[in-house]
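Q: sequence first, then the predicted structure:
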Amino acid sequence: MQVNPLKSDGTTTVLEEHLQRLGSKSGVVATVVVDTPTGAIIKSQGELPPSHGSRTRIGADEETASGTQSEGIEELASMVWNFVKTAGGLVQGLDSEDELKLLRLRTKKYELVIVPDPKFLLIVVHNTPAA
Amino acid sequence: MQQRRDEILAKKAKLAELKRQRELRSRDASASRASIGGPSDLATAIPARAENRAALDSLVNDILGSGKRSPARKGSRPNSVLSAGELSVETSDLASPSNGQTVPPSLSISTQTLSTVPLSTVYEFPPSPVKEVFSYSKGVQTTEDWATQTSGPRTYPDSEDDDEPPATATSPSKRLSRRERDREEELRQNLRKEIEEELKAARDLVADGILQHSSDEATANFPARTLTSEELKAVTSSDDFMDFVERSSKVIERALDQEYDILADYALSGANGIEDDDVEFGNRRRRVKEVAQFYDERWSKKRMISAIDFSPKFPELVLAAYTKNPSAPHDPDGLVQVWNMHLHDRPEFVFHAQSDVTAAKFSPFHPNLIAGGAYSGQVMLWDTRAKSSPVQKTPLTGSGHTHPVYSVDIVGTQNANNIISCSTDGVVCGWTVDMLAQPQELLTLTTPPPAKTEDLSPTCMAFPQTDPTYFLVGSEEGTIFPCHRYDRAGAKAGVDQRVSYRGHAAPVMSMNFHPARGPIDLGDLVLTSSLDWSVKLWKVRAPAATSTTGITGETQSVTPVLDFTREDVVYDAAWSPVKPGVFSLVDGAGSLEIWDITVDTEVPIAKAQPSVRKGGRNLMSKSLNRVAWEETEGKRVAVGGIDGTVTVFEVGPDLGGKESARNEEWANVKKLIARLEASTNGSTNGLNAV
């Protein structure tokens, strides 16, 4: 098998391209890739206002210093991460051989499209089209 | 319990006897032995004693010498009893003082040891092998360890003291044993409390459920830590991550591209619900509406579309084959992209070839396979489960094609099918799907005798739906020849010399057999398009008929049944898969036309042009090369051309869609053809007569 020419010109560019395209779709507010086992944010794009009233994580990391939008992303990632865990538990509880494949969460403001995977988690937040 | 107590008493008496004798003998040695024989001695002694009598002697020795250690053992003893059951704790409590009280008076010297021996030995060994296993919880065992360790050092000096003055042994021992008992009691209480707590905790855990537990855990360790840049790099460049992003972003794009809002509430706002009406056309049933356009900035750029095909298995997938991008010499020349109707911005799959792909087709027998032909003469096979390079391709040697392959087809049945390819030097090859190293059959087509030259350069090839051994080739000179793959009665393999279809004055660009799927067989109707600005309809002679009529040996020339003259070169024409009289064509001016011969044979029913993509398509790049119908529904038509954009149109219910195909349409087509045939025959007869 030959080397995939898609990948030959740098793996990250293709990756960036995919995320870029996702991000450039109309209505998309943010995209986040999270490492499933640890919950660490691998890649994020776009910004999200931090939720008010909820506990703010006082992290020693520089993200809090860099601005509020990354804080919003981080908060989103942590909440989604927990949510996916719970949802996965639910699916496992219903049928132990089943597996969570996709989550679409519609709210009044946004829609979250979440692709869970044993290793990674892709979250896309986009504005709900006016219904 | 009573029985055991009797047993114990008996044993005790025996032990006392033995001890007394032995003590006399080895009083001196015992002190040193005690210091040498550490706790390990005791540990080994216990099981040994339980096994045989010989060991009992040595044990007694040990106990005599190291009476100080028995309290330590005592610390552990209650544990076993306690765990054996609450009841046994009570009874042992009762038992031990009574033992201690009854035995000591009868023994003058070693009261102290005697009082302790029964406590440590008797209750230690019988329950332990049996009950320990299932009645101990892990927590209890660990606390037992703790108890022995802490009680050990504390009791040590005490018993040392007791050992030294044997005369006053009785009263200290009593005091000691009471102290010990108190301590025991204390330990027991502690243990009981601990066990109770543990049980309670376990109950809580079960009752409260895993949810609380896991959520605690989850909130506790989210984000475990932020990854360092190296780690990030390692993760982002891993194949796993690439695969994941590839897959998941596709899923999300599909989700986002879904235009219909499933939460739409039509009761709330009426504005969105109404579909835009094609008022200009007046008839929505015959409209042609553009539904999607596919173009990839990275791959489609500066390439021309050379083939389009809808997947027979997944109606939303459409493939497009592309020629090379002259401005990107490092990119692979050949390209096939599979587009998904639900994924607008990127292809579902991208396949490569080393040479321009000039033909490509989904295998009708395997949903994952795509067969293609290249300008280099190679025939290749891609698999949607594999990576972008072909899973199989023919070698660049003389064994197969040496000229561009402009036509490939996969014919046969589910279990026995072949890839048939045709190159411009007149070579037709048959390949097995499993092995492309060598052609299974090779046929060289030649122009039948009356021609000036033997050379035949096919531009296209078409198989009828029913017969995989017979096909037509359209040539560069405009003549269409019927061919046989194998020798058959009255005809050799190769070009059938007795019949030719003459009518086109320029290279034939496409040929399409009628997809006979209706109540009346129209499988002998062939639609051809040509650079002579026309599309022609032919009624093909059945191969069997040709063998009987060709007795004279003369070449019979067949003329088209119907001629559609257009205003530009026609690159492709294709029958609708569901409507018997409907076909579509694309021309050099960049328009798609939909015809229905049952309605009108002079003008198209509908005409449309792909919308101009931003930044693309100047006047010179409007031309459309290929057109293809989606086969299961017959509602969508894909077109593509010089500018590399695939445009998908949806036709109105009069032009496509299964539900509207009426039986009389088939009859109408049949009648029309019969009428036209009669008139053309009449005219040719007339000409012959003249």
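A: On my side now, so go ahead.
Q: please count neighbours and contacts with C-alpha atoms only from this point.
A: OK.
Q: just for chain B, where's the confidence low?
A: Counting by pLDDT under 70, chain B has low-confidence residues at B:1, B:26-177, B:202-226, B:264-265, B:267-284, B:490, B:544-555, B:614-620, B:659-661, B:681-690.
Q: can you show me the helices along it?
A: For chain B, the helices defined by DSSP state H occupy B:2-25, B:27-36, B:39-51, B:53-65, B:69-84, B:86-106, B:111-121, B:127-135, B:138-163, B:170-220, B:229-236, B:239-257, B:543-549, B:663-689.
Q: how far away from the center of its chain is the top helix by length along chain A?
A: Taking DSSP H as the criterion, chain A has its longest helix at helix A:68-94. With CA atoms, centre = their mean, to the nearest Å as the basis, helix A:68-94 stands 9 Å off its chain's centre.
Q: and the helix or strand following that helix, does that touch chain B?
A: Using DSSP states H and E, the helix or strand that follows helix A:68-94 in sequence is strand A:103-106. No. Judged by CA under 8 Å from any CA of the partner chain, strand A:103-106 stays clear of chain B, getting no closer than 8.8 Å.
Q: which other helices and strands contact strand A:103-106?
A: strand A:110-116 (3 or more CA pairs under 8 Å, 6 or more residues apart in numbering or on different chains; DSSP states H and E).
Q: now the next helix or strand after the strand it packs on: average pLDDT?
A: Using DSSP H and E, the helix or strand that directly follows strand A:110-116 along the chain is strand A:120-127. Averaged across strand A:120-127, pLDDT comes to 88.
Q: do strand A:120-127 and chain B meet?
A: Yes. Looking at strand A:120-127 against chain B by CA under 8 Å from any CA, the contacts come from A:120, A:122, A:124.
Q: most neighbours among the residues you listed, which one?
A: Each of the residues of strand A:120-127 next to chain B was scored by neighbours using other CA atoms under 10 Å in any protein chain shown; the highest score is residue A:124's, at 27 neighbours.
Q: name the nearest residue to that one, ignoring sequence neighbours.
A: residue A:31 (4.4 Å; CA to CA, 6 or more residues apart in numbering or on different chains).
Q: who does that neighbour bridge with?
A: Beta bridges link residue A:31 to residue A:45, residue A:124 when assigned by DSSP bridges.
Q: residue contacts, the residue nearest to residue B:322 when sequence neighbours are not counted?
A: Nearest non-adjacent residue to residue B:322, counting by CA to CA, 6+ apart: residue B:305, 4.5 Å away. Residues near residue B:305 by CA atoms under 8 Å, 6 or more residues apart in numbering or on different chains: B:320-323, B:625-626, B:640-645.
Q: repeat the analysis, applying 7 Å as the threshold.
A: B:320-323, B:625, B:640-642, B:644 (CA atoms under 7 Å, 6 or more residues apart in numbering or on different chains).
Q: in strands only, show me these.
A: Among the contacts of residue B:305, the members found in strands (DSSP state E) are B:320-322, B:625, B:640-641.
Q: nearest to chain A among the residues you listed?
A: Of all the ones in strands among the contacts of residue B:305, residue B:322 has the smallest distance to chain A: 16.3 Å, by CA to the nearest CA.
Q: so that closest one sits against residue B:332, correct?
A: No. Using CA atoms under 7 Å, residue B:322 makes no contact with residue B:332, being 10.7 Å away.
Q: of the two, who's got more company?
A: Ranked by neighbour count (other CA under 10 Å), residue B:322 and residue B:332 place residue B:322 first, with 31 against 19.
Q: and the gap between the more buried one and residue A:43?
A: 34 Å (CA to CA, to the nearest Å).
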